[in-house]
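> Model the following, please.
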Amino acid sequence: MTDTVSVPSNAQITGQVLFYTRPEPLNREQHGHLALKHMERPFAFAASAHVVPLTVTEFAPASLSFPIIFAGEQKNPLAVMGVQQGENLYISAEGDVTPDAYLPAYIRRFPFVLADDSAQGRMIVCIERGAPMLAEAGGDVPLFNNGEPTEYTQNAINFCNDFETERRRTESFVQLLKELDLFEMRTAQYTPRLPDGSMGEPQKVAEYHSVSEQKLNALPAEKFLELRQNGALAAIYAQLLSTLALEKLYARALVRRNAEAQGQAANSNTLN
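This is a model prediction of the structure:
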């Protein structure tokens, strides 16, 4: 069950969620005066996230932009948006988003989120009180009008509900892969290009979980057919294809490093 506007401000929400440091249960009494202000670059909050949670229905469009991996014991799917912690190669510190890159729903739902109300055993809609796009006064889009959620707020609530549905579907998808023993550990390697144009020695970047194409092909015919019929097979192939984007990700990192080095050199020459 999901609730909002009537939820008391002291509802006990639990857990830590990426990007959210001051989540508050959304209600008319506490947030009736708030509005969202227009920001040309609203996604700067995600500039330091090198991995972002992804739902299974996003695998296909996300695979065109960046690698998709499964992380941790729970094998949570993640979009890899950077090669080192604290840096997103698709979103700049100023909030510029690479035009042709897919933007995960996890980012797009901000500053709204669903959270567990441990006291009542339900999901409640929350808002990140520290979000830069929230305004006490003079905002462009009010959250409430005469005590009722505005169309924008209701759309945001619906988006959160849909996201939760997809999150649960993703859990079922991952559980199915576990039951079929389709995971394997992989090592991400990067082969740098040297100044003379030759290729250097491969460098280990990280280890991650991925679907094993060998295990997939070894499945009994009836299991393979089941994956095709329930839609899981398309997501599996999207994840496998996405790992080919690792080299593109490393190249993007190199471009940024070169740009930073050139900027530092230019600043140094200016000071001198």
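> how deep is the nearest residue in space to residue 173 that is not next to it in sequence tucked in, by neighbour count?
Closest residue in space to residue 173, ignoring its immediate chain neighbours: residue 56 at 4.5 Å, by C-beta to C-beta, 6 or more residues apart in numbering. To be clear about C-beta, it is placed using only N, CA and C from the backbone, and glycine gets the same treatment. Residue 56 is flanked by 23 other residues according to other C-beta atoms under 10 Å.
> Now residue 56, what are its backbone angles?
phi -60, psi -30 (degrees, to the nearest 10).
> Quick check, residue 105 in contact with residue 58.
Yes - counting by C-beta atoms under 8 Å, residue 105 does reach residue 58; the two are 6.3 Å apart.
> shared neighbours, those two?
Counting by C-beta atoms under 8 Å, 6 or more residues apart in numbering, the contacts common to residue 105 and residue 58 are residue 166.
> Go ahead and confirm the residue nearest to residue 173 touches residue 166.
Yes - using C-beta under 8 Å as the test, residue 56 is close enough to residue 166 to be in contact (7.1 Å).
> so where does residue 131 fall, helix or strand?
Following DSSP states H and E, one finds residue 131 outside all helices and strands.
> Same check on residue 127?
Using DSSP H and E, residue 127 falls in strand 122-128.
> how close does the closest residue to residue 75 other than its chain neighbours get to residue 209?
Distance criterion C-beta to C-beta, 6+ apart; nearest residue to residue 75, sequence neighbours excluded, is residue 174 at 5.0 Å. According to C-beta to C-beta, to the nearest Å, residue 174 and residue 209 sit 10 Å apart.
> How about the backbone phi and psi for the residue found closest to residue 256 once you drop the neighbours it is linked to in the chain?
Of all residues not flanking residue 256 in the chain, residue 89 sits nearest, at 6.3 Å (C-beta to C-beta, 6+ apart). Per-residue torsions, residue 89: phi -80, psi 0 (degrees, to the nearest 10).
> Ignoring the adjacent residues along the chain, who's closest to residue 238?
Per C-beta to C-beta, 6+ apart, closest to residue 238 is residue 59, 3.9 Å.
> er, residue 104 actually
Distance criterion C-beta to C-beta, 6+ apart; nearest residue to residue 104, sequence neighbours excluded, is residue 52 at 4.9 Å.
> Which positions within the helix or strand encompassing residue 175 qualify as buried?
Using DSSP H and E, the element containing residue 175 is helix 151-179. For helix 151-179, a neighbour-count test (16 or more other C-beta atoms under 10 Å) marks 153, 156-157, 160, 163, 166, 170, 173-174, 177 as buried.
> residue contacts, residue 191?
So residue 191 contacts 199-203 (C-beta under 8 Å, 6+ apart).
> whoops, residue 97 was the one
Per C-beta under 8 Å, 6+ apart, neighbours of residue 97: 41, 43, 90-91, 103.
> and it, what pLDDT?
Looking at residue 97, its pLDDT is 95.
> For beta bridges, what are the partners of it?
On the basis of DSSP bridges, residue 97 is bridged to residue 91.
> For the protein, give me the ranges with low pLDDT.
Applying pLDDT under 70 to the chain flags residues 1-16, 118-120, 192-195, 203, 205, 263-272.
> Where do the helices of it begin and end?
Using DSSP state H, the helices of the chain run over 28-31, 59-63, 105-108, 151-179, 213-217, 221-229, 232-242, 246-271.
> Give the buried residues for the second one.
In other words, helix 59-63. Quick answer for helix 59-63 (16+ other C-beta under 10 Å): 59-60, 62-63.
> farthest pair in the residues you listed?
By the measure C-beta to C-beta, 60 and 62 form the most distant pair in the buried residues of helix 59-63, at 7.3 Å.
> quick one: common contacting residues for these two?
Listed as contacting both residue 60 and residue 62 by C-beta under 8 Å, 6+ apart are residue 238.
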